[in-house]
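*Asks:* Okay, structure incoming, though there's no sequence with it:
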């Protein structure tokens, strides 16, 4: 979302602001990136002056002190940008039927007179029915004031030097996936069907799956930031950056929908369910993991593994970060404080050396005060995942192979010189 926001995607900008206000991450916006929040706060206070916005009271996982006044203030800001977010997301979904995200469209399913919404043939009462900026005849259209506001916010994001530098760094150093020393690393999933085949997705007129889906995602994400302003590639890429965040077949998301609207407005938790991609059930099978490795050109029998991020591991429920007899390892599961009540820990660190793979599980860090009073720092436990059949040497690594190639090239150069094939002056 931050990458899309830095590219100028209005939907991503709205999402970034909504999430930041939801989790009381206000300092990052103004102090960290110099985003001018005044236009949004003025708009929110004018539009929702008499609205308590109780469904939008910020969460506070980091226990930052927020007064009652500020809590009410930020709730109005949170609601204002969230309604704009749902409108902008609806516009993208309408523009791109190939995203298959009609199940995210909510504003057109509301009965604004009765304060109810119809989802999959069942009617639900909304917890909040005050929508002063929504036109029931065209619910996804921004008002003139909202358009002006979003243009100001986009200008602020585009002109944030620190944000642009950080996002450029991500593009320079990052990628959708990485193959490294016979290991495959990615964040999320490789979308799959129940029969173990790779799900086909049509993006920008091309049908892709498996590795080609990941490569296409890489290309489109870069187009969204680097393509020429106003070009078709740029506009599609910006919309795609939002799709990566919550798309049904996005390799970064991996669920059938993101139920943000339902969690805000509907009490019935059955509407909150987000169904995981078949991938997450299939990766328990070594054969499926081997198939994925082969898809990316990695020999599954050569001490190779899949390193999977962005998958919270619910240790409390007996889940393990080690899948498919050690063929797939989950890291990053629970690093975010918001997840730690669900997972029961603060994630994992993978250690890789010449002897093999080790996984370090971390307990959550409570607070500086607790660490001082109880002399309690972050506690970690280390487990051996798999030992290499033979101790790995430099020549077994990607860096070693690169060095070997350079040595071969240098020897060929010396040989050519000695045989007089290279002219000297």
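*Replies:* That came through fine. The shown structure was predicted, so the numbers you read here are calculated from the model rather than taken from an experiment. Numbers count the residues shown, from 1 in each chain.

*Asks:* At which residues are the strands of this structure located?
*Replies:* With DSSP state E as the criterion, the chain has strands at 110-111, 116-119, 122-125, 177-180, 183-187, 201-203, 206-208, 305-309, 322-323, 328-330, 348-353, 356-362, 380-387.

*Asks:* Tell me which other helices or strands the last one touches.
*Replies:* Other elements packing on strand 380-387 under the criterion 3 or more C-beta pairs under 8 Å, 6 or more residues apart in numbering; DSSP states H and E are strand 356-362. From N, CA and C alone the C-beta is placed, and that goes for glycine too.

*Asks:* And the fourth one, by the same measure?
*Replies:* If contacts are counted by 3+ C-beta pairs under 8 Å, 6+ apart, strand 177-180 sits against strand 183-187.

*Asks:* any idea how far the strand it packs on is from the chain center?
*Replies:* The chain centre lies 15 Å from the centre of strand 183-187; the measure is C-alpha atoms, centre = their mean, to the nearest Å.

*Asks:* which residues are contacting it?
*Replies:* 176-179, 214, 251-252, 292-293, 296, 298, 304-310, 332, 352 (C-beta atoms under 8 Å, 6 or more residues apart in numbering).

*Asks:* again with stretch 263-272
*Replies:* Counting by C-beta under 8 Å, 6+ apart, 55, 56, 82, 117, 119, 124, 125, 126, 127, 128, 259, 262 sit against stretch 263-272.

*Asks:* Please point out which parts of that stretch sit buried.
*Replies:* 264, 265, 266, 271 (16 or more other C-beta atoms under 10 Å).

*Asks:* mind giving me TSV with these and columns for distance to residue 328 and pLDDT?
*Replies:* TSV is the format used below for the buried residues of stretch 263-272 (distance: C-beta to C-beta, whole Å; pLDDT from 0 to 100):
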residue	distance to residue 328	pLDDT
264	34	97
265	37	98
266	35	98
271	31	97
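
*Asks:* per-domain residue ranges of this structure.
*Replies:* Following automatic domain parsing, one finds the domains of the chain at 1-162, 175-310, 393-425.

*Asks:* For residue 139, list the residues it contacts.
*Replies:* 87, 90, 107, 108, 110.

*Asks:* What is the nearest of those residues to residue 324?
*Replies:* Residue 324 lies nearest to residue 90 out of those, by C-beta to C-beta, at 39.0 Å.

*Asks:* How many neighbouring residues does the closest one have?
*Replies:* Residues lying near residue 90 (other C-beta atoms under 10 Å) number 21.

*Asks:* Contacts only, for it.
*Replies:* Residue 90 sits in contact with 104, 105, 106, 107, 108, 139, 140, where contact means C-beta under 8 Å, 6+ apart.

*Asks:* doesn't residue 255 make contact with the first one?
*Replies:* So the one you mean is residue 104. No: the pair residue 104 and residue 255 fails to qualify as a contact (C-beta atoms under 8 Å) at a distance of 11.4 Å.

*Asks:* Find residues that contact each of these two.
*Replies:* Here residue 104 and residue 255 have no joint contacts, going by C-beta under 8 Å, 6+ apart.

*Asks:* Only the buried residues of the longest helix belonging to the chain, if you could.
*Replies:* What stands out as the longest helix in the chain, according to DSSP state H, is helix 68-95. With burial defined by 16+ other C-beta under 10 Å, the residues of helix 68-95 counted as buried are 73-93.

*Asks:* returning to what we had before: would you mind giving the contacts of residue 139 as JSON lines with pLDDT added?
*Replies:* Compiled in JSON lines, these are given as follows (pLDDT from 0 to 100):
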{"residue": "87", "pLDDT": "98"}
{"residue": "90", "pLDDT": "98"}
{"residue": "107", "pLDDT": "98"}
{"residue": "108", "pLDDT": "97"}
{"residue": "110", "pLDDT": "98"}
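
*Asks:* Which residue, other than its chain neighbours, is closest to residue 325?
*Replies:* Closest residue in space to residue 325, ignoring its immediate chain neighbours: residue 286 at 5.4 Å, by C-beta to C-beta, 6 or more residues apart in numbering.

*Asks:* Per-residue pLDDT of the one you found, please?
*Replies:* Per-residue confidence at residue 286 stands at 96 (pLDDT).

*Asks:* Tell me the bridge partners for residue 330.
*Replies:* Beta bridges link residue 330 to residue 308, judged by DSSP bridges.

*Asks:* In contact with it, which residues?
*Replies:* Contacts of residue 330 by C-beta under 8 Å, 6+ apart are 308, 309, 311, 313, 321, 322, 323, 348.

*Asks:* And the pLDDT for residue 361?
*Replies:* On the pLDDT scale, residue 361 is placed at 80.

*Asks:* Sketch out the low-pLDDT regions of the stretch 301-425 of the chain for me.
*Replies:* 312-318, 333-346, 364-380, 382, 425 (pLDDT under 70).

*Asks:* can you give me the helices in it?
*Replies:* Ranges of helices in the stretch 301-425 of the chain, per DSSP state H, counting those that start in this stretch, are 340-343, 368-373, 398-418.

*Asks:* my guess is residue 45 meets residue 75, correct?
*Replies:* No: taking C-beta under 8 Å as the definition, residue 45 is not a contact partner of residue 75, at 11.1 Å.

*Asks:* what touches both of the two?
*Replies:* Applying C-beta under 8 Å, 6+ apart, one finds that no residue jointly contacts residue 45 and residue 75.

*Asks:* Narrow the contacts of residue 90 to those in helices?
*Replies:* Using DSSP H, none of the contacts of residue 90 sit in helices.
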